[in-house]
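Engineer: kindly return the folded structure for what I paste below:
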Amino acid sequence: MSRVRFSIVIPTRERANTLQYTLRSCLMQSFEDYEVVVCDNCSSPATRDVVDSFASTRIKYVRAAAPLAMSDNWELALSHAEGEFVTVLGDDDALLLHALTEASRLIDASDARAIRWAWMFYNWPDHPLPTQRHCIHIPLGSECYLVRSDDVIRRVKSNAAAYSQLPMIYNSFIRRDLISELRARTGRIFNDMIPDVYSGFAFASLATKYLSVARPMAIAGQSGKSNGQATLFCKSGNEVAEEFCEFNAKAGLAWNSRVPHVTQSISATAAQSFEQFTANCGRSNPPVFRERKSLAEAILLDLKRHPHLSDVEFSRCFDIICEWCSDDPALRAWLVSRYGVRGELVTRSPDGVPVRGFNGSWFIIDGSTHNIRDTVAAAEFFESMFGGCGRPIHTGDAERHKASRLKQIVREVLPPVVVRAIQSTIALTTKVFV
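Structural biologist: Predicted coordinates for the structure are as follows:
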């Protein structure tokens, strides 16, 4: 019996109200050769009721016998996926209407083992930050390029690129042989407390290169019950965050000690997943001064912008960073000279209301003004405004991408004043440098 082409895996726990829209977006695909695996992490009957309401033979329902850590539930979910390519879709997310058709076309054209895409973001009405509710972020890119994994990993490690540039199974289609290779190498697929970010480093390392698509194929929904939102941005005492930590502790999934244990920082979260993967592979090297300094700066920038961090919590996080630096006198001296003994030199500036409109890369709107109150409505809005089903993704020229990356690297490495001087000089002499 031949495999289906795609498995869309949806791990879920007590989010029946958003799960219904996730499932609807999957069943709205015009592509035919796929399955949907819903892995219920011991939820109340409402979750099964939502699945049954669709009465679809495409949907395979699996239920954990007891509440599991997020990574363990993802592990269980993938064990029931039979597709040639697999992706994980959150239970408050959605597929865009062109996703499977375009992914299949790109696979046929490239023979890629992993296809990563940019996210469109939708903030549900119960988003933990009131100023962010209903906000929709739409990336306006459309091309795709074959990228080298080591380049992306290096840039993510140095905080020059977001971890979402990695081929996470959460924003990518991953070919089955890569999944099997990861399981064979480390004993399981998600051997970390943060399964999505961990998978990005893991599959990037194993694939060595992958397709990166600038046009979104899915919507990352951000709701009040999202594990990521709860652990990063919610106030202390949040039930979802506490359960997340409790289940991880019971499963023996711990934060990697090479990274400051600051769960309120996305930079720290990504760094610990990288360290955990390299440790699981038995090839972890101690980070050098420059890498540790860069990480400390990135974590403090996250804390500086955090919308809910009290002064007491900020001080506690700063102490954790100081303790992490204590084994390196030069690093500790730099930290204190830059930020003060207790972080008193850090000027806090929490993120405020997002600016709406076009900012050059993103189209940002308030979805409530367009009567968008769920991810399916957001997907339909994208199709009506930007298309996708009838607009194939342009497969870009790899050499052109190399030139683009070269300029980008130059801008990152050289001081801005030097870059401007070089650009001015070349512009005056050739009139062709962009």
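Engineer: any idea how the chain splits into domains?
Structural biologist: Listed domain ranges for the chain are 6-225, 254-339, 397-429 (source: automatic domain parsing).
Engineer: wait, which of these is closest to A379?
Structural biologist: Proximity to A379 (CB to CB) singles out domain 6-225 among the domains of the chain, at 5.2 Å. To be clear about C-beta, it is placed using only N, CA and C from the backbone, and glycine gets the same treatment.
Engineer: any idea how far apart the tips of that closest one sit?
Structural biologist: Terminal residues of domain 6-225 are spaced 27 Å apart (CA to CA, to the nearest Å).
Engineer: quick check: mean pLDDT across it?
Structural biologist: Taken as a whole, domain 6-225 carries a mean pLDDT of 95.
Engineer: again with stretch 316-325
Structural biologist: So the average pLDDT for stretch 316-325 ends up being 96.
Engineer: can you list the domains of the chain in JSON lines and add distance to N248 and mean neighbour count?
Structural biologist: Shown next, in JSON lines, are these (distance: least, CB to CB, whole Å; neighbours: other CB atoms under 10 Å):
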{"stretch": "domain 6-225", "distance to N248": "5", "mean neighbour count": "21"}
{"stretch": "domain 254-339", "distance to N248": "7", "mean neighbour count": "18"}
{"stretch": "domain 397-429", "distance to N248": "34", "mean neighbour count": "12"}
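Engineer: mind checking which of these is nearest G367?
Structural biologist: domain 6-225 (4.4 Å).
Engineer: quick revisit: turn the domains of the chain into CSV, columns for distance to T231.
Structural biologist: As requested, the domains of the chain are exported to CSV (distance: least, CB to CB, whole Å):
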stretch, distance to T231
domain 6-225, 9
domain 254-339, 5
domain 397-429, 29
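Engineer: closest one to M385 among those?
Structural biologist: Distance to M385, taken as CB to CB, is lowest for domain 6-225 among the domains of the chain, at 8.0 Å.
Engineer: put the alpha carbons of stretch 339-349 into CSV.
Structural biologist: What follows is stretch 339-349 as a C-alpha-only set of coordinates in CSV (Å, rounded to 0.1, in the frame of the first residue of the first chain):
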residue,chain,number,x,y,z
TYR,A,339,24.7,46.7,32.5
GLY,A,340,25.6,47.4,36.2
VAL,A,341,25.9,45.1,39.2
ARG,A,342,22.1,44.4,39.4
GLY,A,343,21.2,45.4,35.8
GLU,A,344,20.4,48.9,36.9
LEU,A,345,21.9,50.4,33.7
VAL,A,346,19.3,48.6,31.5
THR,A,347,16.6,50.9,30.3
ARG,A,348,13.4,49.0,30.1
SER,A,349,11.2,49.6,27.1
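Engineer: coming back round to it: out of the domains of the chain, which gets nearest to D374?
Structural biologist: Counting by CB to CB, D374 lies closest to domain 6-225 out of the domains of the chain; the figure is 4.7 Å.
Engineer: how far does that closest one sit from its chain's centre?
Structural biologist: Domain 6-225 sits 9 Å away from the centroid of its parent chain (CA atoms, centre = their mean, to the nearest Å).
Engineer: next one, pLDDT for T429 please.
Structural biologist: So, for T429, pLDDT stands at 30.
Engineer: give me the contact list for the helix or strand harbouring A268.
Structural biologist: A268 belongs to helix 266-280 when elements are defined using DSSP states H and E. Residues outside helix 266-280 that contact it (CB atoms under 8 Å, 6 or more residues apart in numbering) are 153, 156-157, 159, 163, 186-187, 191-192, 194, 197-198, 200-202, 205, 232, 255-256, 258-263, 284-285, 295, 298-299, 301-302.
Engineer: between the helix or strand following it and helix 266-280, how many degrees?
Structural biologist: Moving toward the C-terminus from helix 266-280, the next helix or strand (DSSP H and E) is helix 289-305. Orientation of helix 289-305 against helix 266-280 (axes from the mean of the first three to the mean of the last three CA atoms, to 10 degrees) gives an angle of 140 degrees.
Engineer: elements contacting the helix or strand just after helix 289-305?
Structural biologist: Beyond helix 289-305 on the C-terminal side, the first helix or strand identified by DSSP H and E is helix 311-325. When contacts are defined as 3 or more CB pairs under 8 Å, 6 or more residues apart in numbering; DSSP states H and E, helix 311-325 sits against helix 289-305, helix 329-339.
Engineer: related to what we said a few turns ago, of all the domains of the chain, which one comes closest to G352?
Structural biologist: Here domain 6-225 is closest among those (CB to CB), at 6.4 Å.
Engineer: what's the distance between the residue most central in space within the chain and T269?
Structural biologist: Nearest to the mean C-alpha position of the chain, by CA atoms, centre = their mean, lies S164 at 4.2 Å. Distance of S164 to T269, given as CB to CB, to the nearest Å: 12 Å.
Engineer: so what's the nearest residue to W255 once chain neighbours are set aside up against?
Structural biologist: Of all residues beyond its chain neighbours, the one nearest W255 is H261 (4.9 Å), with distances taken as CB to CB, 6 or more residues apart in numbering. By CB under 8 Å, 6+ apart, the residues touching H261 are W255, A268, I320.
Engineer: so which of those residues is the closest to F173?
Structural biologist: When the contacts of H261 are ranked by distance to F173 (CB to CB), A268 comes first, at 28.3 Å.
Engineer: what sits closest to the closest one if chain neighbours are left out?
Structural biologist: Nearest residue to A268 in three dimensions, chain neighbours excluded: V262, at 4.5 Å (CB to CB, 6+ apart).
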